[in-house]
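# Provided below for reference: sequence and predicted model.
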Amino acid sequence: MAGVAHRLTQAPSAPSVSANADSNKPFCFVADDEIPIIDYSMLISADHNERSKAILDLGKACTDYGFFTVVNHGMPESFIKEVLERCSEFFDLTEREKIECEPKCMTDKIRWSKGSKPGDQREFLKLISHPEFHCPAKPAAFSDILQEYCNRSRDVALEILRGISKSLGLEDCYVENAMRLKSGFDVSAVNSYPPCSLSDNPIGLPSHSDPSLLILLIQSVDGGLQLQRDGKWVRANIAPNSIVAHIGDHLEILTNGKYKSAVHRVIGNNSVRRIGLPIAFGPSLDALVSSAPELVDQSHPSTYPQQTYAEYWEATQCNMTEGRAKLNTGSALNTEGLFGWGKARFSTGSSLNMKGIFGWGKAEFNSGSALNMKGIFGWGKAKFNSGSALNMKGIFGWGKAEFNTGSALNMKGIFEWAYHRSKAIQGLGKACGDYGCFTVVNHGLPESFIRGVLEECSGFFDLAETEKTEYEPKGPADKISEILQEYCKRTRAIALEIFRGISKSLGLEECYIENATKLESGFDICGVLTNGKYKSAMHRVIGNNKVKRIGVPIAFGPSLHTFVKPAPEFVDESHPPA
Ligand SMILES: O=C(O)CCC(=O)C(=O)O
Ligand SMILES: [Fe+2]
């Protein structure tokens, strides 16, 4: 037994990386990395040395991976197999029988549904399994065995959380007591993935992290589940009779980010139905979740919200709590969706040029020129001097601004508060720090509206030259069409939210940028204001030889009367104002 857990102490070999089916997306690599193994029998061993060793391994798995497999958990293989078979039989019921389990009101504790979001190919049953166990009465043998499994895996989860408490240098029962796990709110999901044609769409469940503290998962066929580590997907190929464990959002909050919530997804398989049975073990609904004071200090301030678990469910509108909102899934709020993989978001390989496009007049762009003010305020044909040497990025080659090269900001996260907001802000800070650009999704502007704006803009260029000259700089602003005005107004609101997020990501007051720059009109604030911490993004546009392309960038700048200088908070001896 000792041998298995011992493997954890050996650094896993460098993952072998291969492009997979969705190699066109960021984080597209799937690594055959080794998943840490925790030997449960050692974790509960009466032998002090064995237990200490297991706790060390557990801490390392949580720090380095956020997930691990659990072996020797005491549940016989035949029992687990039977649980999964009974689960599978539920999906063999007639449609009419299953419809009885469809949620009829907000408070239903049993919810059968089919995935409705893009990429969610599941048919699933969600149950509140603790403090009270809920389950459909059919098929006959289903409820009893599932309850037995929930009880036994709850014992395993509690022991793991005790080990996790110890691994953090806290009392054995720290998590248990702080999160009031006696009345912990557990949600079990019975997921059925149909066989799928991999060439069509291999995603069975898009990437997401789960709420709760800890998730334990068993599955009927190996393969399918992938967990993310260091920007790579790791296939959860696990030995029979082992349980996959991963960290949930609320353990990340409790540990002040020391242990990170695991992002994961499911890839379909093309031969058989796969049953996945994750149980998400959560705090009690009335437990106040915040970072443990023991894990917060000056160099590790907490950036996480403080709220009760019930408030969390309310804020995220995932139901299953008393009388609130709709059940989303016990999971599937795409928080890390902020960072580039996952569904939707990117329009095609377009690129945008903010510096060149603002106005009439001949804006000639010299290579590498910084700000050509004439170009900015005048209209005209922005002549690009040969793709030449704009800046250092040119040296490394331009990354085509297919918007999936950078990262994506999920505005939903920004508009939310608490956990998802703080995650979104962290993501925004990372996007600004690492890329200087990002795409914004879920901004609330309907696609049809944006199309209307672009059509309107496109129509402008079809006007006769004489008509267009009316719009030269002296031209009145009220010539701007209504739809464009509306667009400007609405994107301004989005931009302000983003500035608020950026201020927060820099550890400043939410309204810092807004106040310091009297946000009205102008250009290029971030690069200056943050003293180069966030860099202004160099960009350019490459023509295409088929159709006219309309780009509508809006540059939200400081008031013209503002003196823009690096925020004093970012200036010190080693960072003098640039
Ligand atoms: O079915 C699986 O393997 C995982 C499902 C999952 O991640 C979820 O339901 O949150
Ligand atoms: Fe999940």
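Done, it's in. Ligands and ions are numbered 1, 2, ... in the order given.

# Helix, strand or coil: sort out the nearest residue to Tyr174 once chain neighbours are set aside for me.
Spatial nearest neighbour of Tyr174, chain neighbours left out: Ser165 (3.9 Å); criterion: C-beta to C-beta, 6 or more residues apart in numbering. C-betas here are computed from N, CA, C, even on glycine. Following DSSP: H, G, I helix; E, B strand; the rest coil, we place Ser165 in the helix state.

# Determine the number of other residues adjacent to Ser165.
22 (other C-beta atoms under 10 Å).

# surely it meets Leu181?
No: between Ser165 and Leu181 there is no contact under C-beta atoms under 8 Å: 11.1 Å.

# On the strand side of things, show who Val244 bridges to.
For Val244, the beta-bridge partners under DSSP bridges are Thr69, Leu217.

# residues in contact with it?
Residues in contact with Val244, defined by C-beta atoms under 8 Å, 6 or more residues apart in numbering, are Ile35, Phe67, Phe68, Thr69, Val70, Leu216, Leu217, Ile218, Gln219, Leu225, Ala236, Ile238.

# cool, Leu205 as well?
Gly115, Gly119, Asp120, Gln121, Arg122, Asn191, Tyr193, Arg265, Val266, Ala332.

# how far away is the third one from Phe67?
I take that to be Asp120. Using C-beta to C-beta, to the nearest Å, Asp120 is found at 21 Å from Phe67.

# Compare those two (neighbour count), which wins?
Phe67 (26 against 21).

# Let me know the helix or strand that the residue nearest to the more buried one when sequence neighbours are not counted is in.
Closest residue to Phe67 apart from its sequence neighbours, by C-beta to C-beta, 6+ apart: His246 at 3.8 Å. Assigned by DSSP states H and E, His246 belongs to strand 243-247.

# Residues in a beta bridge with the residue in the chain that ligand 1 sits nearest to, which ones?
Closest to ligand 1 within the chain is Gly276: 2.2 Å, counting by C-beta to the nearest ligand atom. Here Gly276 sits in beta bridges with Asn191, Gln219, going by DSSP bridges.

# tell me the contacts of it?
Gly276 makes contact with Ala189, Asn191, Tyr193, Leu217, Ile218, Gln219, Ser220, Gly224, Leu225, Val266 under the criterion C-beta under 8 Å, 6+ apart.

# mind putting those residues in a markdown table, pLDDT and neighbour count included?
Listed next are those as a markdown table, based on pLDDT from 0 to 100; neighbours: other C-beta atoms under 10 Å:
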| residue | pLDDT | neighbour count |
| --- | --- | --- |
| Ala189 | 96 | 23 |
| Asn191 | 96 | 27 |
| Tyr193 | 92 | 26 |
| Leu217 | 97 | 23 |
| Ile218 | 97 | 22 |
| Gln219 | 95 | 22 |
| Ser220 | 93 | 20 |
| Gly224 | 88 | 22 |
| Leu225 | 93 | 24 |
| Val266 | 92 | 26 |
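
# a markdown table for these, including distance to ligand 2?
Output for the contacts of Gly276, formatted as a markdown table (distance: C-beta to the ion, whole Å):
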| residue | distance to ligand 2 |
| --- | --- |
| Ala189 | 8 |
| Asn191 | 9 |
| Tyr193 | 13 |
| Leu217 | 8 |
| Ile218 | 13 |
| Gln219 | 12 |
| Ser220 | 16 |
| Gly224 | 12 |
| Leu225 | 9 |
| Val266 | 8 |
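
# for the particular helix or strand that has Asp155 in it, which positions count as buried?
According to DSSP H and E, Asp155 maps onto helix 142-167. By neighbour count on 16 or more other C-beta atoms under 10 Å, the buried set for helix 142-167 is 142-143, 145-147, 149-150, 152-154, 156-167.

# roughly how far out does it sit from the chain middle?
Put simply, helix 142-167 sits 27 Å off its chain's centre (C-alpha atoms, centre = their mean, to the nearest Å).

# Give me the below-cutoff pLDDT ranges for the stretch 1-150 of the chain.
Along the stretch 1-150 of the chain, the parts satisfying pLDDT under 70 run over 1-33, 106.

# shouldn't the residue nearest to Phe67 be in contact with Gly66?
Yes: with contact defined as C-beta under 8 Å, His246 and Gly66 form a contacting pair (6.1 Å).

# which of the two has more neighbours?
Using other C-beta under 10 Å as the criterion, His246 and Gly66 rank with His246 on top: 28 against 23.

# Now distance to ligand 1 too, for the contacts of Gly276, in CSV please.
Output for these, formatted as CSV (distance: C-beta to the nearest ligand atom, whole Å):
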residue, distance to ligand 1
Ala189, 4
Asn191, 4
Tyr193, 7
Leu217, 6
Ile218, 9
Gln219, 6
Ser220, 10
Gly224, 6
Leu225, 4
Val266, 5
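
# Tell me the one of the residues you listed nearest Arg86?
Ser220 (11.0 Å; C-beta to C-beta).

# Against Asp120, how distant is that closest one?
Going from Ser220 to Asp120 by C-beta to C-beta gives 19 Å.

# same thing with Ile203?
8 Å.

# Identify the contacts common to Ser165 and Leu181.
Here Ser165 and Leu181 have Val175 as joint contacts, going by C-beta under 8 Å, 6+ apart.

# so how far is the strand holding His246 from its chain's centroid?
Computed by C-alpha atoms, centre = their mean, the chain-centroid distance of strand 243-247 equals 19 Å.

# next one: stretch 534-551
Stretch 534-551 sits 27 Å away from the centroid of its parent chain (C-alpha atoms, centre = their mean).

# List the buried residues in that stretch.
Under 16+ other C-beta under 10 Å, the buried positions of stretch 534-551 are Tyr534, Ser536, Ala537, Met538, His539, Arg540, Val541.

# How is the second one classified with respect to secondary structure?
So the one you mean is Ser536. Under three-state DSSP, Ser536 falls in the coil class.

# Pretty sure it sits against Gly436.
Yes: Ser536 is within contact range of Gly436, at 6.6 Å (criterion: C-beta under 8 Å).

# Tally up the residues packed near Trp233, please.
Counted by other C-beta under 10 Å, the residues lying close to Trp233 total 24.

# all numbers from here: first residue = 56
Sounds good: first residue 56 from here, last item Trp288.

# Ramachandran angles for it?
The phi/psi pair for Trp288 (degrees, to the nearest 10) reads phi -90, psi 130.

# if I look at it, how far off is Leu236?
31 Å.

# What ranges in this structure fall below the confidence cut-off?
Looking at the chain by pLDDT under 70, you get 56-88, 161, 252-256, 371-463, 469-474, 523, 525-536, 576-587, 615, 633.

# Relative to the centre of it, find the outermost residue for me.
Thr521 (49.5 Å; C-alpha atoms, centre = their mean).

# Would you mind pulling up the elements that the one helix or strand it maps to packs against?
Per DSSP H and E: Thr521 is located in helix 520-524. Counting contacts by 3 or more C-beta pairs under 8 Å, 6 or more residues apart in numbering; DSSP states H and E, there are no secondary-structure elements packed against helix 520-524.

# just checking, next helix/strand downstream of it?
helix 537-560.

# buried sites along that following helix?
Result for helix 537-560 [16+ other C-beta under 10 Å]: buried residues 539, 542, 545-546, 549-550, 552-560.

# on that earlier part again, what sits in contact with each of His301 and Gly121?
Shared contacts of His301 and Gly121, defined by C-beta under 8 Å, 6+ apart, comprise Leu282, Ala317.

# Close to ligand 2 as well: tell me which of the buried residues of helix 197-222 qualify.
Subset of the buried residues of helix 197-222 in contact with ligand 2: empty, counting by C-beta under 5 Å from the ion.

# measure Ser168 to ligand 2 for me?
Note on Ser168: its distance to ligand 2, by C-beta to the ion, to the nearest Å, is 15 Å.

# For that residue, which three-state class applies?
Per three-state DSSP, the secondary structure class of Ser168 is strand.

# Who does Val242 form a beta bridge with?
Beta-bridge partners, per DSSP bridges, of Val242: Ile183, Ala335.

# What backbone torsions are found at whatever residue of the stretch 156-305 of the chain ends up closest to ligand 2?
Among the residues of the stretch 156-305 of the chain, Asp265 lies closest to ligand 2, at 4.3 Å counting by C-beta to the ion. Backbone geometry at Asp265, expressed as degrees, to the nearest 10, gives phi -100, psi 150.
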